[in-house]
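1. Sequence and computational prediction follow.
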Amino acid sequence: MVAAIEVEGLRKTYVERRLWRVKRVVTALDSVTFAIERGTMVALLGPNGAGKSTTVRILSTLLLPDGGTARVMGHDVVKEASSVRRVIGVMLDPEKGHFGRLTGLENLVFYGVLHGLTRSDARSRAVELLEQFGLGDARDRPVEGYSKGMKARLAICRVLIHDPEVLILDEPTAGLDPISAREVRERLKGLKREGRTVLVTTHNLWEAEELSDRLIVLNRGRVIAEGTPEEVKRAFGLMWNVELEVSGNLEGLKLGWETELGISERGRPLLKVMIREDPSELVPLILSELRSRGVQVLSVSVREPTLEEAFVRAVGGA
Amino acid sequence: MLMAVLLAFFQGLFFLIGTLVRREQELFARISGYNDSVLYQMAGVPVLLLSLVMVSAVGEYVIELGRRGALEHIQTLPVDMKLVMGAHATTIVSVSLLYYFAVTVPFVYLRGGPGAVAHLLPAMLVLALGLLPLFLFAALVALLTLLVRTEAFLELVSASVYTFTGIAYPLTVFPQFVALLAQLLPHPHVAESVRLAVFYGVLEPARLVPMLAVLAGYAVFSTAIYSRIERVLRRGGRYEVVTE
């Protein structure tokens, strides 16, 4: 598989000055390296100040790195900025970038023409996108009267106006109400199905897990984990909790895994077994082990570690 | 809008002063030591006002684009920002020319009759050429405003243009070094050429050549400095101006 985005040893430092004196030096990216395959959706995760927006802005050619390289569809973001701009669609803030007094259609035609489309091509593409994204009825209304959700959908139309291969979306659901956010997520899933490469930053871990094929976790300007959501959870050593309501003698019980004893909500003895491996293979082993020791199992539940737990552990422990 | 009203107001006011006040030239010479009529001196005021409109319109355009986040989005498009600014310039220059013509014709007609109105044609030509360096000047100010990130810079430049360009009053009233520095700005050259054209219907080479030289200088300087400023902006990654 060919990489759509390749980042290698990317560095960026912000120097804050007061007049001529250096007030503060902030390292935003410290040798960040990752690659994103074509046709995949990848979420860039991290707390505030982790370097997500800096990465996005460098890939969008808005910001120059201090060192390292970044290539989008084979084009260098510094030396071939213009070529990069032809193949990317960028959304930095779902509510920004629109001209409020222009209608939704006029906004899209404006951006389409700036992308090099003819006016008629831009118009027909804009009409098609507005219909597809449920804005057909509002297309001739000034954007200043749109709701947040409508503006977010219009922003997605805008990044798609020139049919780019790579989409870079910085927190596309930020500030949206749950219904609008869900609508946007559905649209993003549609983009994934179309086979586009999508890099999305988000604070919403559940959203990242739901949307993305892979995750890149940044903290303090470094990549601290990368992989599928499952791989990221595993990388941080998170464990599945197998909770068993039991009856029988549990005294001196020792299993080959980390265990805890407690009381269930129904007031029965509760045995918690923490495992790192795939529970579908281990739970039958645990059950047979308990049966062989005369312990009766009344119920079993397996709780998956959440990405949030992985994230908190990763960021907190970094 | 306010500038448009001001332009019409000042044109009318200076016309009245120049027409109604007897021996105004002598009076003006006594005050300023500059032997020109008030009307002649004030014929440059539209250039000043148009320049202020230009600096303000271009600056506000860039600031507003930044505030809306549109500037960042435009920067991510495969289009040269110079082209976007050029399109903006064409609109402003065309509207300014039409407006200048509309406001000036009645007064020139009243003062000099139909023959004087014909003088406006070379004046328009001069102004059309002159508005280009004024636009480049305004574009530079807008970019510098982005760089320093405070809208106050824009206001400071507007105030300086008013004070140090010698349009509203002769440059001779300034200390010599200020007068020399003012010559580096496009405004005095454009204003003087417009005055000569309006009053005498001539495109005087002695005035046009420095104006064209300033135009060429600003074109070269702006192009060279644009790339540098763009690089500085991309290094800092900030496209928003603090307005409060």
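-> Okay, I see it. Quick caveat, the model's predicted, so the values are computed rather than measured.
2. all helices for the chain, in order.
-> Unless you meant another one, I'm taking chain A. A:52-59, A:81-87, A:104-114, A:119-132, A:148-160, A:178-193, A:205-211, A:229-235, A:279-292, A:307-317 (DSSP state H).
3. meant chain B actually
-> Using DSSP H, helices in chain B cover B:2-20, B:24-32, B:38-42, B:45-68, B:70-75, B:81-148, B:152-164, B:176-182, B:186-200, B:205-236.
4. Burial-wise, tell me which of these comes out on top.
-> Of the helices of chain B, the one with the most neighbours on average (mean count of other CB atoms under 10 Å in any protein chain shown) is helix B:186-200, at a mean of 24. In short, each C-beta sits where N, CA and C put it, glycine included.
5. and of the helices of chain A, who's closest to B:Ala197?
-> With distances scored as CB to CB, the stretch of the helices of chain A nearest to B:Ala197 is helix A:104-114 (37.3 Å).
6. average model confidence for that closest one?
-> Across helix A:104-114, pLDDT averages out at 95.
7. elements contacting it?
-> The criterion is 3 or more CB pairs under 8 Å, 6 or more residues apart in numbering or on different chains; DSSP states H and E, and the helices and strands that helix A:104-114 contacts are helix A:119-132, helix A:148-160.
8. got the buried residues for the last one?
-> The neighbour-count check on helix A:148-160 (16 or more other CB atoms under 10 Å in any protein chain shown) flags A:149-160 as buried.
9. if we can go back for a sec, any idea which of the helices of chain A is most buried?
-> Buried most deeply of those, by mean count of other CB under 10 Å, is helix A:52-59, with a mean of 24.
10. Run through the residues of chain B sitting next to chain A.
-> Contact residues, chain B versus chain A (CB under 8 Å from any CB of the partner chain): B:68-70, B:72-79, B:84, B:231, B:234-237, B:239.
11. if you set the cut-off to 7 Å instead, what comes out?
-> Residues of chain B that fall close to chain A, judged by CB under 7 Å from any CB of the partner chain: B:68-70, B:72-79, B:234-235, B:237.
12. which two of those lie the greatest distance from each other?
-> Most distant of the residues of chain B next to chain A, by CB to CB, are B:Arg68 and B:Arg235, 22.8 Å apart.
13. quick revisit: reformat the residues of chain B next to chain A into JSON lines and put pLDDT next to each item.
-> Supplementary listing: the residues of chain B next to chain A in JSON lines, determined by pLDDT from 0 to 100:
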{"residue": "B:Arg68", "pLDDT": "77"}
{"residue": "B:Gly69", "pLDDT": "78"}
{"residue": "B:Ala70", "pLDDT": "80"}
{"residue": "B:Glu72", "pLDDT": "84"}
{"residue": "B:His73", "pLDDT": "85"}
{"residue": "B:Ile74", "pLDDT": "85"}
{"residue": "B:Gln75", "pLDDT": "85"}
{"residue": "B:Thr76", "pLDDT": "88"}
{"residue": "B:Leu77", "pLDDT": "89"}
{"residue": "B:Pro78", "pLDDT": "88"}
{"residue": "B:Val79", "pLDDT": "85"}
{"residue": "B:Arg234", "pLDDT": "80"}
{"residue": "B:Arg235", "pLDDT": "80"}
{"residue": "B:Gly237", "pLDDT": "69"}
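14. Please convert those to a markdown table, extending it with distance to A:Glu207.
-> Formatted as a markdown table, the residues of chain B next to chain A follow (distance: CB to CB, whole Å):
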| residue | distance to A:Glu207 |
| --- | --- |
| B:Arg68 | 26 |
| B:Gly69 | 22 |
| B:Ala70 | 26 |
| B:Glu72 | 23 |
| B:His73 | 23 |
| B:Ile74 | 28 |
| B:Gln75 | 27 |
| B:Thr76 | 23 |
| B:Leu77 | 28 |
| B:Pro78 | 30 |
| B:Val79 | 32 |
| B:Arg234 | 30 |
| B:Arg235 | 32 |
| B:Gly237 | 26 |
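15. which of those residues lies closest to chain A?
-> Checking these against chain A by CB to the nearest CB gives B:Gly69 as the nearest, at 2.7 Å.
16. tally of neighbours for the closest one?
-> 18 (other CB atoms under 10 Å in any protein chain shown).
17. Distance-wise, check B:Arg207 relative to chain A.
-> Distance of B:Arg207 to chain A, computed by CB to the nearest CB, to the nearest Å: 39 Å.
18. Now that residue. Nearest residue, chain neighbours left out?
-> Using CB to CB, 6 or more residues apart in numbering or on different chains and skipping residues adjacent in sequence, the residue nearest B:Arg207 is B:Ser193, 4.6 Å away.
19. May I have the residues that are in contact with the one you found?
-> B:126, B:130, B:207-208, B:211 (CB atoms under 7 Å, 6 or more residues apart in numbering or on different chains).
20. re the thing from before, B:Leu147: which of the helices of chain A is closest?
-> Closest approach to B:Leu147 among the helices of chain A is made by helix A:52-59 (17.4 Å; CB to CB).
21. and the residue in the stretch 101-250 of chain A positioned nearest to chain B, what does it touch?
-> Ranked by CB to the nearest CB, the top residue of the stretch 101-250 of chain A for proximity to chain B is A:Leu114, at 4.7 Å. By CB under 7 Å, 6+ apart, the contact list for A:Leu114 reads B:74, B:77, B:79.
22. Of the residues you listed, just say which sits nearest to A:Ala126.
-> Nearest to A:Ala126 among the contacts of A:Leu114, with distances taken as CB to CB, is B:Leu77, at 15.3 Å.
23. Report pLDDT for residue 24.
-> All of this is about chain A. 82.
24. my question was about chain B
-> On the pLDDT scale, B:Glu24 gets 56.
25. likewise A:Glu260?
-> Value for A:Glu260, per-residue pLDDT: 83.
26. again, but for A:Arg123
-> With respect to pLDDT, A:Arg123 has a value of 97.
27. which residue packs closest to it, ignoring adjacent ones?
-> The spatial neighbour of A:Arg123 that comes closest, neighbours along the chain excluded (CB to CB, 6+ apart), is A:Val109 at 5.4 Å.
28. Flag the shaky bits of the chain, pLDDT-wise.
-> I'll assume chain A. A:1, A:19, A:238, A:310, A:313-314, A:316-318 (pLDDT under 70).
29. that's the wrong chain, I meant chain B
-> For chain B (pLDDT under 70), the answer is B:1-8, B:10-45, B:47-48, B:162, B:165-173, B:201-203, B:237-244.
30. For the residue nearest to B:Val84 when sequence neighbours are not counted, give me its contacts.
-> The shortest distance from B:Val84 to any non-neighbouring residue, by CB to CB, 6+ apart, is to B:Ile74 (6.1 Å). Under the criterion of CB under 7 Å, 6+ apart, the neighbours of B:Ile74 are A:114, B:65, B:81, B:84.
31. Now do the contacts for the residue positioned nearest the centre of chain B.
-> For chain B, the residue nearest the mean C-alpha position is B:Ser51 (2.4 Å; CA atoms, centre = their mean). Residues in contact with B:Ser51 (CB under 7 Å, 6+ apart) are B:134, B:161, B:187.
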